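In: Need the 3D shape of this:
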Amino acid sequence: MRARLRLSFIVVAALIGVPQARAQAPAPAPLVFAAASLKSALDEAAGAYARGPAPRLNYGGSLALVRQIAQGAPADVFCAADAETMDEAQAQGLIAPASRRDLFGNALVVVAPSNAPMSELPFAAEAFAQALGEGRLAAGHVESVPAGRYAREALRALGLWEVVRPRLAMTENVRAALVFVARGEAPLGIVYATDAFAEPRVKIVARFPASAHAPIVYPCALTKQGAARPPARAFLDFIASEEAWPAFARQGFTRAR
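Out: Numbering: from 1, shown residues only. Presented below is the predicted three-dimensional model:
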């Protein structure tokens, strides 16, 4: 009898322990490092995400994010604002190359405070000088911020680089340049069309011709760490899907060419 009781106890204990043994910790939420200009659209897309744990989102200048990943930041997904920055991440072995894909496009514009008297700014030296007055032209840093690099390329193509170069107020990311204009701290800024769309305190006064600069492309990829994490891959697949596309289209993004 005692032997049977002991056996019954062992069986019951084992059965009770089965769910505990099989239970697994919930999958960690993917950490996404993304270019600052993606914030409004990616926030909306992430809010609608239901395929897995809600992602954690971190925004900044694309090259600054690469440096953080290189220094050990635990990013799972990386979205840059230009191919050059993603190339750098790939050259450093920070991403899984097979996961890389070009997702979105954008346009480059000049913005002014919404209460500024001008409605249109010609791409002419005199017009820029008059519009700037004693102020500065806000733009992402031309050496490290994709929007700044596109701006420099476009200004050179239009013969305006040497005119505006001494007047630049360069920022750590494009959203910082947008804020300068929105607050009235700079009379003009060069940002993406999607940034202008997201900020009611500015208005577009000029649109750079697409032929003046390289195509604006946003590539996304899994990091080396993220490549081993199914939730990271699931979120990258989601933002590349038709399901997520409306969130980006509403903010003015285009399909990558």
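In: ok, which stretches of the stretch 101-250 of the chain are strands?
Out: Under the criterion DSSP state E, counting those that start in this stretch, the stretch 101-250 of the chain contains strands at 101-105, 108-113, 137-140, 168-171, 188-192, 202-207, 217-222.
In: Without its sequence neighbours, what residue ends up closest to the residue nearest in space to the middle of the chain?
Out: In the chain, the C-alpha nearest the mean C-alpha coordinate belongs to Ala35, at 2.4 Å (C-alpha atoms, centre = their mean). Of all residues not flanking Ala35 in the chain, Ala81 sits nearest, at 3.7 Å (C-beta to C-beta, 6 or more residues apart in numbering). Every residue, glycine included, has its C-beta placed from N, CA and C.
In: Give me the phi and psi for Gly72.
Out: phi 110, psi 0 (degrees, to the nearest 10).
In: Output the below-cut-off pLDDT ranges for the protein.
Out: For the chain, applying pLDDT under 70 flags the ranges 1-26.
In: rerun that using 80 as the cut-off
Out: Across the chain, the ranges flagged by pLDDT under 80 are 1-27, 257.
In: Following the record's annotation, map out the domains of it.
Out: Each domain of the chain is listed here as a residue range: 31-105+217-255, 108-212, per automatic domain parsing.
In: how long is the shortest one from one end to the other?
Out: To tie it back to what came earlier, the one meant is domain 108-212. 10 Å (C-alpha to C-alpha, to the nearest Å).
In: Now find how far off-centre it is within its chain.
Out: Centroid separation between domain 108-212 and its chain, computed with C-alpha atoms, centre = their mean, to the nearest Å, is 19 Å.
In: Stretch 244-251 now?
Out: For stretch 244-251, the distance to the chain centre is 14 Å (C-alpha atoms, centre = their mean).
In: For Ser144, give me its contacts.
Out: 61, 63-64 (C-beta atoms under 8 Å, 6 or more residues apart in numbering).
In: same deal with Gly105?
Out: 215-218, 253-257.
In: starting at the chain centroid, how far to stretch 104-111?
Out: 13 Å.
In: Just the endpoints, please. Distance across that stretch?
Out: End-to-end for stretch 104-111, by C-alpha to C-alpha: 21 Å.
In: Check stretch 213-231 too.
Out: From start residue to end residue, stretch 213-231 stretches across 36 Å - C-alpha to C-alpha.
In: now do stretch 50-61
Out: 28 Å.
In: Please name the nearest non-neighbouring residue to Pro97.
Out: Gln90 (5.7 Å).
In: Three-state assignment for that neighbour, please.
Out: helix (DSSP: H, G, I helix; E, B strand; the rest coil).
In: burial of it, as a residue count?
Out: Other residues within reach of Gln90, judged by other C-beta atoms under 10 Å, total 17.
In: which of the contacts of Ser144 has the most neighbours?
Out: Gly61 (27 neighbours).
In: give the contact list for that one.
Out: With C-beta under 8 Å, 6+ apart, Gly61 has these contacts: 35-36, 140-141, 144-145, 172-173.
In: Could you rerun that using 6 Å?
Out: Contact analysis of Gly61 by C-beta atoms under 6 Å, 6 or more residues apart in numbering lists 145, 172-173.
In: Contacts only, for the residue nearest to it when sequence neighbours are not counted.
Out: Distances taken as C-beta to C-beta, 6+ apart put Asn173 closest to Gly61, at 4.0 Å, once the chain neighbours are dropped. Residues counted as contacts of Asn173 (C-beta under 6 Å, 6+ apart) are 36, 60-61, 145.
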